[in-house]
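> Sequence first, then the predicted structure, then my questions.
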Amino acid sequence: MTSNSLVYLIALPLFGAAVLLLSGRRSDRWGHIFGTLMSAGSFAVGVSLFLKMLGNPTGERALTQKLFSWISVGSFQVDAGLLADQLSICFVLLITGVGTLIHVYSIAYMSHDLDRRRFFAYLNFFIAAMLLLVLGDSYLNLYVGWEGVGLASYLLIGFWNQKPTYATAAKKAFVANRVGDMGLSLAIMIAFATLGTVSFQGVKEHASQASTGSLTAIGIMLLVAATGKSAQFPLQAWLGDAMAGPTPVSALIHAATMVTAGVYLITRSNFIFDLAPTAQLAVAIIGAITLLFGAIIGMAKDDIKKALAASTMSQIGYMVLGAGLGPAGYAFAIMHLLTHGFFKAGMFLGAGSVMHGMNDEVNMRRYGGLRKFMPITFATFGLGYLAIIGVPPFAGFYSKDKIIEVAFNAGGVKGIALGTAALLGAMITAFYMTRVVILTFAGSKRWDDKAHPHESPFLMWAPMVLLALGSVASGFFFTHGNSLRNWLAPVVEATPSHEGELLSPAVVSILALVLVALGVGYAIIKYLLNEVPQVAPADVTVFTKAARKDLLQDNFNEAVFMRPGQSLTRGLQVADTKLIDGAVHGIARFAIGSGNLLRKTQTGFVRSYAMWILAGAIALVATIWVVTL
Amino acid sequence: MNPANYLYVSALLFTIGAIGVVVRRNAIVVFMCVELMLNACNLAFVTFARINGNLDGQVVAFFTMVVAACEVVVGLAIIVTIYRSRRSASVDDASLLKR
């Protein structure tokens, strides 16, 4: 079905960004209200579209809109078209819904910032780009949104770019994302070369005719793209530094929406991955590695935002793992993505609220006992915490346990390995999240007397409360009668796993809960019952030291990519100055030298010129004479 | 008389003129030597016309004379101007273009 209102989803926030950026300081007084209204308007359009889709029969729910013919070269046709199917609309509601809440939150959070208007302009631009990403009906349209969110992320991480380290963090995120973007563009090129089309519909129809090799190549390249955008191993190093941006940005872009774009890409391309088992296995393995990687880093971080960032990395690892498990896992990956959008955004806003009350202090060792001073923040953060560690009946219990269960039932050694990794991850998650909550809200006060912790204003805690409600209820709502799975079925063609069930859902849940209890218990012993030093202890194991340095990911990148890259550029520079410039200068020197030699014949005396002419004439005559002789 | 003798005279005149141009410094003399070379050419043209029995060479000789007349007008004007400004007609003194 076609629908003419799809474009308003994107147009409203884009218009907001344009107005706020072009009108400059004139809109300082009302810019934040305007930006929030644009985002809320987009949410309203999204809800009305969702209700319209609900009213249609299952097979005819997808809405399309052709905007204009974009590229038309011979047989290669790309239309700028929008597609809102059951998968896209989930993202639309998440992006605009959580996005609007975070706009509201930012009004209060950024109220002391002179550049608040510019911040809202970037936020609106991000919403528009992210909506284009999930609404594009071809890989090329998706790519435009993909680049747009990368730009928005760069601008917002470096929002306080007067601090050089923040500007560097923004650059790091951008460069790491470029590596992934290259993967996406390569995937598009391979798809065009082998299938002759780049639209989702076209690729889906022609995919079965392509060879497994080229499908695997497309799949691997899409995975590279996903690792860049979603901070998955081995391109994960940028996410921790991205916390340099204002906290609402971390909540919206680097927790709830943009970093999940990779999961969207893989789920959207399910028709490719289902035909390329190697690529699908690679996706699952990357997810499993990252979920452990992020969890281990999360255990050692003292910066509350970096701990949450590591947790985001780990949770997206779960989603990627789910998406890598094929038709059985897609729906659960999306479910975890949506529930994670609620509880992680809520917790980031909670972290922002704590920082707001603590003079922007981020070191958790300088918090302690804050629950008395910030009861609402503590309650909402606590609900998010219960959701992420997977305590029933909170949201994370439903989504994460399902992924663990599907992983175990994937069959064979693969299933056992992936399932064990996911289960271990759940235990570590319980440990580090309990650590965050205890260090921040429980125990004795460890801040100095300059800090005056206080509860945040209404505009800040209201979004936190709404997100906390989401983290409580969304899991039950999504799983009740398999509602989300049935809803997504037309897009991802969910089929129940035919492999024999290794572990029943109940066994998985009990196992997971026991491990979670172990993790929570260990954290309580270590941080609640023992004194927490204000400075991180130095006499720790080599593993802790590595985890504090993000498991040496920066050192690895530096040793393997940056240093050789520098040597390469230095070599090229030498080759440029010595070889290429040398050749050019050599030619010039030759011309100058030979000119100097020839100049000597120019005496300025008429008679000598006449002599030369005569000599030339005689030589000419002599030559002719010799030749004709 | 053997027409080749005229050619010998022509070659002799041309050689005298060429040597004069190269060795003399006075602009007027150099100029006259140039005229001598032109006339040597004219003599050769006329002689060839006679040998071949057509008028082509004679026609070219007329052209040469007209060109020579024009050259005399321009050349003498230049030499007189140089003499007026420098009080000398030496061609070696007028070598300033080199610098």
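All right, it came through fine.

> What's the local residue count around A:Ser69?
Neighbours of A:Ser69 under the rule other Cβ atoms under 10 Å in any protein chain shown: 11. No exception for glycine: its C-beta is placed from N, CA and C like everyone else's.

> May I have the beta-bridge partners of it?
Note on A:Ser69: beta-bridge partners A:Asp79, judged by DSSP bridges.

> these two touch, right, it and A:Phe76?
No - using Cβ atoms under 8 Å as the test, A:Ser69 is too far from A:Phe76 to be in contact (11.5 Å).

> so which residue of chain A comes closest to chain B?
Nearest residue of chain A to chain B (Cβ to the nearest Cβ) works out as A:Gly604 at 2.9 Å.

> Can you tell me the element that residue falls in?
Element membership for A:Gly604, per DSSP states H and E: none, as it lies in no helix or strand.

> Need the pLDDT of A:Glu531.
Looking at A:Glu531, its pLDDT stands at 80.

> Doesn't it lie inside a strand?
No - when DSSP: H, G, I helix; E, B strand; the rest coil is applied, A:Glu531 is found to be coil, with no strand at that position.

> Now do the contacts for residue 75.
Went with chain A since none was named. By Cβ atoms under 8 Å, 6 or more residues apart in numbering or on different chains, the contact list for A:Ser75 reads A:Gly196.

> wait, I meant chain B there
Residues near B:Gly75 by Cβ under 8 Å, 6+ apart: B:31, B:34.

> Beyond the helix or strand containing A:Ala588, next helix or strand please.
Element membership for A:Ala588, per DSSP H and E: helix A:581-599. Counting by DSSP H and E, the element after helix A:581-599 in chain order, helix or strand, is helix A:606-628.

> I'd like to know which elements that following helix is packed against.
When contacts are defined as 3 or more Cβ pairs under 8 Å, 6 or more residues apart in numbering or on different chains; DSSP states H and E, helix A:606-628 sits against helix B:4-23.

> Would you mark the buried spots in the following helix or strand past the helix it packs on?
From helix B:4-23 onward toward the C-terminus, using DSSP H and E, the following helix or strand is helix B:27-52. For helix B:27-52, a neighbour-count test (16 or more other Cβ atoms under 10 Å in any protein chain shown) marks B:27, B:30-31, B:33-34, B:36-49 as buried.

> just the residues you listed that are near chain A?
B:Val30 (Cβ under 8 Å from any Cβ of the partner chain).

> For the residue nearest the centre of chain A, give me its contacts.
Nearest to the mean C-alpha position of chain A, counting by Cα atoms, centre = their mean, stands A:Val259 at 2.7 Å. For A:Val259, the contacting residues are A:229-231, A:239, A:253, A:312, A:316, by Cβ under 8 Å, 6+ apart.

> same deal with A:Tyr527?
A:434-435, A:438-439, A:443.

> List buried residues within the residues you listed.
Counted by 16+ other Cβ under 10 Å, the contacts of A:Tyr527 give A:434-435, A:438-439, A:443 as buried.

> What's the mean pLDDT across the longest helix along chain B?
Of all the segments assigned as helix in chain B under DSSP state H, the longest by residue count is helix B:56-86. Across helix B:56-86, the average pLDDT comes to 93.

> next one: stretch A:365-377
86.

> which of the residues in it are buried?
Neighbour counts over stretch A:365-377 (16+ other Cβ under 10 Å) mark A:365-368, A:370-371, A:373-374, A:376-377 as buried.

> what sits up against it?
Applying Cβ under 8 Å, 6+ apart, the external contacts of stretch A:365-377 come out as A:302, A:304, A:350, A:353-354, A:357-358, A:361, A:378, A:439-448, A:453-456, A:461, A:464-465, A:532-536.

> helices or strands up against the helix or strand harbouring A:Ala547?
Under the criterion of DSSP H and E, A:Ala547 resides in helix A:542-548. Counting contacts by 3+ Cβ pairs under 8 Å, 6+ apart, helix A:542-548 is packed against helix A:277-300.
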